[in-house]
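Undergrad: Have a look at this prediction, sequence included:
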Amino acid sequence: MIGSGFGGAITSCRLAEKGKRVLVLERGKKWDRTSYPREPEDEWILEPRGPGTISRLDGLRSVQRHGGNCRRWRGRWLTDLRERFRDSTAVRVCLRLASGGDLLRTSALLRPPSLDVLDIHEVPENQWSPRVHLMKDAADHLGRASVFHPAEFAVSFDNNLVYDFNTEPDIRNSERFINKHGVEQGTCAHLGECDIGCRADAKNTLDKNYLHIAEKNHAEIRPFASGHQN
């Protein structure tokens, strides 16, 4: 299987469950909540010289020299990342990682009609942001309450958490638990880090479901690897 994103993860999971021998080749690094890059001196995968190439902030300059498209955000990359990749060039820096782009998605997904492997939830009402409350009030005022539905996310929430949006997010609000696939993760603490790697482990990313199931059924996921056609 080439790549461990949604297509590769789901297919490898189903094949492994059927008893097939599965090898997943992933160009990127296997990240977790302890290793997500945050500072200029942290490691970022830029791949200017192929899979497995690790580069730090100076890698941005090398990509520029080789015709890369990073120059527009040089010197302000942290701001761009924390603003949810408003500059599309930022995506090029973090694209290669185990689980494909899944670790960096916003997590808003449609609930499947049958088996929900990703474990998708609505945001609990006691954790709605002021903007969501405004949308609900507007729908009620217009007589359209029936069409208002909270967004559904592949994120784990603590239904008992009452979140105050006037306070600074605190990772200590996250509760550790074992998900239905037997993987330890945490609940959402509203850190706003969905697109740069969730330190709370609240996102139900592919490594916590499909890829985990595949590995449990003896699939091998090999990072820093790529396939080539002869």
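TA: Nice, I can see it. Numbers count the residues shown, from 1 in each chain.
Undergrad: if I look at residue 32, how far off is residue 228?
TA: According to C-beta to C-beta, to the nearest Å, residue 32 stands 28 Å off from residue 228. Every residue, glycine included, has its C-beta placed from N, CA and C.
Undergrad: and these two? which has more neighbours close in?
TA: Ranked by neighbour count (other C-beta atoms under 10 Å), residue 32 and residue 228 place residue 32 first, with 12 against 4.
Undergrad: helix/strand/coil for that one?
TA: State at residue 32, reduced to three classes by DSSP: H, G, I helix; E, B strand; the rest coil: coil.
Undergrad: show me where this protein has strands.
TA: For the chain, the strands defined by DSSP state E occupy 23-25, 44-45, 54-55, 121-122, 152-153, 176-178, 184-186, 220-222.
Undergrad: Relative to residue 160, which of those strands is closest?
TA: strand 176-178 (12.3 Å; C-beta to C-beta).
Undergrad: mean confidence for that closest one?
TA: Mean pLDDT, computed over strand 176-178, is 97.
Undergrad: I'd assumed residue 186 was in contact with residue 176.
TA: Yes. Between residue 176 and residue 186 a contact is recorded at 5.3 Å, counting by C-beta atoms under 8 Å.
Undergrad: which of the two has more neighbours?
TA: Using other C-beta under 10 Å, the more surrounded residue of residue 176 and residue 186 is residue 186, with 20 against 10.
Undergrad: I figured that one hits residue 174, correct?
TA: Yes. Using C-beta under 8 Å, residue 186 is in contact with residue 174, at 4.1 Å.
Undergrad: what residues do these two have in common as contacts?
TA: Here residue 186 and residue 174 have 200-202 as joint contacts, going by C-beta atoms under 8 Å, 6 or more residues apart in numbering.
Undergrad: What distance do you get for residue 39 to residue 171?
TA: From residue 39 across to residue 171, the span is 17 Å (C-beta to C-beta).
Undergrad: more neighbours, the two?
TA: residue 171 (14 against 8).
Undergrad: Can you pull out the low-pLDDT segments for this protein?
TA: For the chain, applying pLDDT under 70 flags the ranges 44-115, 230.
Undergrad: need the helices for it, in chain order.
TA: Ranges of helices in the chain, per DSSP state H, are 6-17, 58-65, 77-82, 91-94, 130-141, 210-216.
Undergrad: Now render the shared contacts of residue 186 and residue 174 as CSV, adding distance to residue 15 and neighbour count.
TA: Below are those laid out as CSV (distance: C-beta to C-beta, whole Å; neighbours: other C-beta atoms under 10 Å):
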residue, distance to residue 15, neighbour count
200, 31, 23
201, 27, 23
202, 29, 26
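Undergrad: Let's have these in TSV, adding distance to residue 123.
TA: TSV is the format used below for those (distance: C-beta to C-beta, whole Å):
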residue	distance to residue 123
200	15
201	17
202	11
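Undergrad: from the residues you listed, which is closest to residue 132?
TA: Nearest to residue 132 among the shared contacts of residue 186 and residue 174 is residue 202, at 17.7 Å by C-beta to C-beta.
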